[in-house]
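Trainee: Provide a 3D model corresponding to the input given below.
(one chain, ligands or ions: 1)
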Amino acid sequence: MSAGTATARTATASANSNIALIKYWGKTDDLLHLPTTSSLSLTLDETWTTTTVSFDGGADGQDVVTINGVGVEGTARERVHRFLSLVRERAGLGQDEAASVVSTSTVPLAAGLASSAAGFAALAGAASRAAGLDLDARALSCLARRGSGSASRSVFGGLVRWNRGTDDASSFAEPVPCALDLAMVVIALDAGAKAVSSTVAMRHTMRTSPLYPAWVEASAADLAEALEAAASGDLERLGAVAQANALGMHATMVAARPAVLYWRPGTVAVLHEVERLRRDGLPVWATMDAGPNVKVLTDTAHAGAAAEALAGLLPGASVTVRRGGEGIRYEQPGS
Ligand code: 2P0
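Mentor: Numbering: from 1, shown residues only. Just a heads-up that it's a prediction; the model follows:
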């Protein structure tokens, strides 16, 4: 009877999204997803993807992907297919052993809320286990990175550093000490699909923005400062460097030719309000990713007040509070 389970070749994993405090923006190797900078992120609670992978022959011998009950086609399916091909190769499975991938996600897809981070971390966990690979957390982080760079960080909970590394084995994420009880207030202005994907936008920025090298250079010092601030419990120092690093990343995009401008009027309104709230004594700092939404870094003691202050600002925007969340977890077969 256990033989049936062992040969079922199915596994389920869940991973949370993460938001970077020191950003990843640009690759030295497009295939391996080796980043130009190391980065630092907070894994969030209540924002996850759960994925089941079954090497069951797929549909008509092709990998088949369903997200939130809808079949996925085109580039997104191709990306999952390429990732599954890598897992099959590592596990010694034939490339004709197609899989069914069924995902449910609470993360708004492609809206700058890091849907690919949770998605590829969960896929890496489920696919590797379903294929019979027994990876430790570091190897799993490296594998998740091959799906999407930021997914390397979602393997772990809490505050996580992704070491940029120099090759496939040395570019992995790991948890780092944090003496703060961090929280993020997520202001989602627009949950629609973004105009330019981060993969495309970061490549274009690297190639054409004269400001890009300066941001990369500053990033190493930003990371060192953020790590020290987090370990010593200095929220003000962490917030200031996180905001500066994120706005600097956007400055590189605005200076790209042509510009990549994710900002909307509501984005600017929130940024000004965050400044005002901080002047009034609330410990709040803004960060942004590849989209118009603003995430406000604070601690759990002030997250409620910050959310309340920001909730009335923009009609139609959703304001939610996220705390630090856990790393990847698995469902036992049959549970
Ligand atoms: C980050 N972002 O550090 C940065 C900040 C967006 C802005 O990681 O090309 O979807 O799949 O490796 O991981 C988004 O990039 O890009 C991202 P790929 P990914 O969170």
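Trainee: Near the ligand, which residues of the stretch 101-250 of the chain are found?
Mentor: Ala114, Ser116, Ser148, Gly149, Ser150, Ser198, Thr199 (C-beta under 6 Å from any ligand atom). All C-beta spots, glycine's among them, are computed from the backbone N, C-alpha and C.
Trainee: Dump those to CSV, plus pLDDT, secondary structure and neighbour count.
Mentor: Formatted as CSV, those follow (pLDDT from 0 to 100; DSSP: H, G, I helix; E, B strand; the rest coil; neighbours: other C-beta atoms under 10 Å):
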residue, pLDDT, secondary structure, neighbour count
Ala114, 57, coil, 28
Ser116, 90, helix, 24
Ser148, 96, coil, 24
Gly149, 97, coil, 28
Ser150, 97, coil, 30
Ser198, 91, helix, 23
Thr199, 92, helix, 17
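Trainee: Which elements pack onto the helix or strand Thr51 falls within?
Mentor: Applying DSSP states H and E as the criterion places Thr51 in strand 39-54. Helices and strands touching strand 39-54, by 3 or more C-beta pairs under 8 Å, 6 or more residues apart in numbering; DSSP states H and E, are strand 10-22, strand 100-105, helix 115-130, helix 151-154, strand 159-162, strand 182-188, helix 212-232, strand 318-323.
Trainee: Tell me which two of the residues of the stretch 101-250 of the chain next to the ligand sit farthest apart.
Mentor: Farthest apart among those by C-beta to C-beta are Ala114 and Thr199. That separation is 13.0 Å.
Trainee: Rounded mean pLDDT for the host helix or strand of Ser141, please.
Mentor: Using DSSP H and E, Ser141 sits within helix 137-147. Mean pLDDT, computed over helix 137-147, is 98.
Trainee: Give the buried residues for it.
Mentor: By 16 or more other C-beta atoms under 10 Å, the buried positions in helix 137-147 come out as Ala139, Leu140, Ser141, Cys142, Leu143, Ala144, Arg145, Arg146, Gly147.
Trainee: can you check stretch 173-187 too?
Mentor: Quick answer for stretch 173-187 (16+ other C-beta under 10 Å): Ala173, Pro175, Cys178, Leu180, Leu182, Ala183, Met184, Val185, Val186, Ile187.
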